[in-house]
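A.B. asks: would you be able to build a 3D model of this:
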Amino acid sequence: MDNLQNPEDCTVELGYLSDDDYDDDEDLPQQEFTCHCCYQVLVDPTTLNCGHNFCRHCLALWCQASRKNECPECRQIWRGFPKINVSFRDLVEMHFQTDVERRRQTIMADPAIVQALLAFQLLEHEVHYRAPPPVQWRPWLGTGSFFSGVLIALTTVTVVFLVYHWSSGDSKVELLVRKPMGLWTAEEVAMWMESLGPWASPYRDNFRKEQVNGRLLNVLSEQDLLKPPYSVENQLHRRAVLKEVQHVQELGFKRPQTLWEYKAVNRGKSLFLLIGMNDSPRFTILYIYLFDYYDSFLPFIHISCPSLTKSSEDDLAFRNLQETPDWKQWAEFLVKYSLLPYQLLADFAWDWLDVHYWTVSIVLWNALLMTLREACLLRNLWGRTNITSVLWMVSQHLLATVFTWLFQRLFWPLIPQFVCNCIFYWTLYFYPIINTFTLIQLIYPHIFRGP
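C.D. replies: Residues are numbered from 1 along each chain as shown. Below is the predicted model of the structure:
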């Protein structure tokens, strides 16, 4: 019974029989109305796909004994679930009413037949309302050699991109998040000023001309910034610079403000968050709320759901990401977390658009794809599943999140840096490509389906 599919109506053309063709019931060809199991007049005739007719209870007894969904006569497997041929039944009862009533009384008096009919009815209900097989979260895994070739090509491109990235000098910027401020050179201080935002650009050249290194930056006061040669006349700008310096002094190094800097400081956690946010964003956000509240969750909620309260520092790049969120931020966060978790990721990535334009564009595209994919999955599950299937899918996501966390905790320190970077960039840039094919397959499954 495993290969039962959606039921199909089975009918038999009976137009060649009419009341005018025969003068009485005795002239009817009774063999046309005989069950080929019990060889008596059909009772509740049930027509199979092959065209053979059987009594309903005979078919139930056959299924109970053989455990097969095939015709008792020709052994052809039926599709769907056999239904009573209503028009044929009415015709039989009209011409053989006495025989049908007598047989029906005999059938209902037999407990074994009644039990078989009840089991047959339960089987029919199970077939009609059976939950669909679990929807694959990554159907591209089984699409054949096409995607294997694509993944190999993408992996090759990853290696090329890594070589380009390391040779472009971006690693120098990443050093600031791991290098104490007292060891910064004048060029590194200028790069730090540039990372503060566009408002700090007019002062960057002044700091470079004066060869301000990390030790000198550490002792500058607000009065020093106001006087030449620095000439930071805007009071808010002076306070913002000093506040960032204070943060660097407290942390011991530059606070990560870009994706690459965060990755340089948090190698394992960055990959865990990247994979977790792509596959199971709700569980991943719950994890950082429970176990990484100050370092990850508070910056995440302040950037993705910024406070609507205006302040004098709104125009500055610096924001206090350690404040307790207000109730409006929590309300916005909970709505998005429940309904549109990938919208939170898009809002968070949008904040880095000026720094990582193409990377953020890819992340935004991926967030859109994941939102549409989740909508397709919910549409497929709606009305055609039960609570067991939903709990099974939730447990799969939970196990995947736990496995990813354990992997980055236990094995990440043992993996070479080159392999780590390959996995990181492959996940960041090539997951959206894979998710594009996944979404196409969910919407148009025939595209990747074999003949």
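A.B. asks: host element of the closest residue to Val41 other than its chain neighbours?
C.D. replies: Nearest residue to Val41, sequence neighbours excluded (CB to CB, 6 or more residues apart in numbering): Asp99, at 4.4 Å. (Each C-beta comes from the backbone N, C-alpha and C, glycine too.) Using DSSP states H and E, Asp99 sits within helix 97-108.
A.B. asks: beyond that helix, next helix or strand please.
C.D. replies: Per DSSP H and E, the first helix or strand lying C-terminal to helix 97-108 is helix 111-128.
A.B. asks: average pLDDT for stretch 368-386, rounded please.
C.D. replies: What stretch 368-386 shows for mean pLDDT is 75.
A.B. asks: now swap in stretch 194-212 and tell me
C.D. replies: What stretch 194-212 shows for mean pLDDT is 83.
A.B. asks: what's it in contact with?
C.D. replies: 173, 176, 186-187, 189-190, 193, 217, 220, 229-232, 237, 240-241, 244, 254, 257-258, 315-318, 354 (CB atoms under 8 Å, 6 or more residues apart in numbering).
A.B. asks: helix or strand with the lowest mean pLDDT in this protein?
C.D. replies: The helix or strand of the chain with the poorest confidence is helix 170-175; it has a mean of 57 (mean pLDDT, DSSP states H and E).
A.B. asks: against which helices or strands is the helix or strand hosting Glu244 packed?
C.D. replies: Secondary structure assignment for Glu244, by DSSP H and E: helix 235-251. With contacts taken as 3 or more CB pairs under 8 Å, 6 or more residues apart in numbering; DSSP states H and E, helix 235-251 sits against helix 214-219, helix 222-226.
A.B. asks: which residues touch the shortest one?
C.D. replies: Spelled out, that is helix 222-226. By CB under 8 Å, 6+ apart, helix 222-226 touches 230, 232-233, 238-239, 241-242.
A.B. asks: and what of stretch 341-351?
C.D. replies: 277, 281-282, 285, 300, 303-305, 333, 336-337, 360, 363-364, 367-368, 370-371, 374.
A.B. asks: and the buried ones among these, selectable in ChimeraX?
C.D. replies: Buried members of the contacts of stretch 341-351, identified by 16 or more other CB atoms under 10 Å, are gathered into one ChimeraX selection as follows:
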select :277,281,282,285,300,303,304,305,333,336,337,360,363,364,367,368,370,371,374
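A.B. asks: where are the low-confidence patches of the stretch 251-400 of the chain?
C.D. replies: Scanning the stretch 251-400 of the chain for pLDDT under 70 picks out the ranges 308-322, 355, 380-390.
A.B. asks: again, 90 this time
C.D. replies: Scanning the stretch 251-400 of the chain for pLDDT under 90 picks out 251-284, 286-288, 291-300, 302-329, 339-340, 345, 347-363, 366, 369-400.
A.B. asks: can you pull out the helices in it?
C.D. replies: Counting by DSSP state H, counting those that start in this stretch, the stretch 251-400 of the chain has these helices, from start to end: 259-265, 267-279, 281-291, 298-304, 327-339, 341-350, 357-381, 387-410.
A.B. asks: which stretches in the stretch 1-150 of the chain count as strands?
C.D. replies: Here the stretch 1-150 of the chain has its strands, by DSSP state E, counting those that start in this stretch, at 46-47, 53-54, 83-84.
A.B. asks: ok, now how distant is Leu117 from Arg103?
C.D. replies: If you measure Leu117 against Arg103 using CB to CB, to the nearest Å, the figure is 14 Å.
A.B. asks: then Leu91?
C.D. replies: According to CB to CB, Leu91 and Arg103 sit 16 Å apart.
A.B. asks: and Ala65, by the same measure?
C.D. replies: Applying CB to CB to Ala65 and Arg103 gives a distance of 20 Å.
A.B. asks: out of these two, which sits in the busier spot?
C.D. replies: Using other CB atoms under 10 Å as the criterion, Ala65 and Arg103 rank with Arg103 on top: 20 against 10.
A.B. asks: and that one, what's its pLDDT?
C.D. replies: pLDDT for Arg103: 88.
A.B. asks: re the thing from before, now the helix holding Glu244: how far from the chain's centre is it?
C.D. replies: 41 Å (CA atoms, centre = their mean, to the nearest Å).
A.B. asks: what's the answer for stretch 272-284, then?
C.D. replies: Stretch 272-284 has its average C-alpha position 10 Å from the chain's average C-alpha position, going by CA atoms, centre = their mean.
A.B. asks: for stretch 254-274, buried residues please.
C.D. replies: 254-274.
A.B. asks: same thing with stretch 107-115?
C.D. replies: Counting neighbours by 16+ other CB under 10 Å, stretch 107-115 gives 107, 113 as buried.
A.B. asks: likewise for stretch 419-432?
C.D. replies: 420-432.
A.B. asks: how about those in a markdown table, adding pLDDT and secondary structure?
C.D. replies: Shown next, in a markdown table, are the buried residues of stretch 419-432 (pLDDT from 0 to 100; DSSP: H, G, I helix; E, B strand; the rest coil):
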| residue | pLDDT | secondary structure |
| --- | --- | --- |
| Cys420 | 75 | helix |
| Asn421 | 75 | helix |
| Cys422 | 75 | helix |
| Ile423 | 77 | helix |
| Phe424 | 80 | helix |
| Tyr425 | 78 | helix |
| Trp426 | 78 | helix |
| Thr427 | 80 | helix |
| Leu428 | 82 | helix |
| Tyr429 | 80 | helix |
| Phe430 | 79 | helix |
| Tyr431 | 80 | helix |
| Pro432 | 85 | helix |
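A.B. asks: reformat these as JSON lines; add distance to Leu398.
C.D. replies: Output for the buried residues of stretch 419-432, formatted as JSON lines (distance: CB to CB, whole Å):
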{"residue": "Cys420", "distance to Leu398": "25"}
{"residue": "Asn421", "distance to Leu398": "28"}
{"residue": "Cys422", "distance to Leu398": "27"}
{"residue": "Ile423", "distance to Leu398": "22"}
{"residue": "Phe424", "distance to Leu398": "23"}
{"residue": "Tyr425", "distance to Leu398": "27"}
{"residue": "Trp426", "distance to Leu398": "24"}
{"residue": "Thr427", "distance to Leu398": "20"}
{"residue": "Leu428", "distance to Leu398": "24"}
{"residue": "Tyr429", "distance to Leu398": "27"}
{"residue": "Phe430", "distance to Leu398": "25"}
{"residue": "Tyr431", "distance to Leu398": "20"}
{"residue": "Pro432", "distance to Leu398": "24"}
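A.B. asks: let me know the closest of these to Met108.
C.D. replies: For the buried residues of stretch 419-432, the minimum distance to Met108 (CB to CB) is 61.7 Å, reached by Tyr431.
A.B. asks: for the closest one, give me its contacts.
C.D. replies: Contacts of Tyr431 by CB under 8 Å, 6+ apart are 278, 366.
A.B. asks: distance of it from Gly268?
C.D. replies: 18 Å.
A.B. asks: coming back round to it: filter the contacts of helix 222-226 to the buried ones?
C.D. replies: Applying 16+ other CB under 10 Å to the contacts of helix 222-226 flags 230, 232, 238-239, 241-242 as buried.
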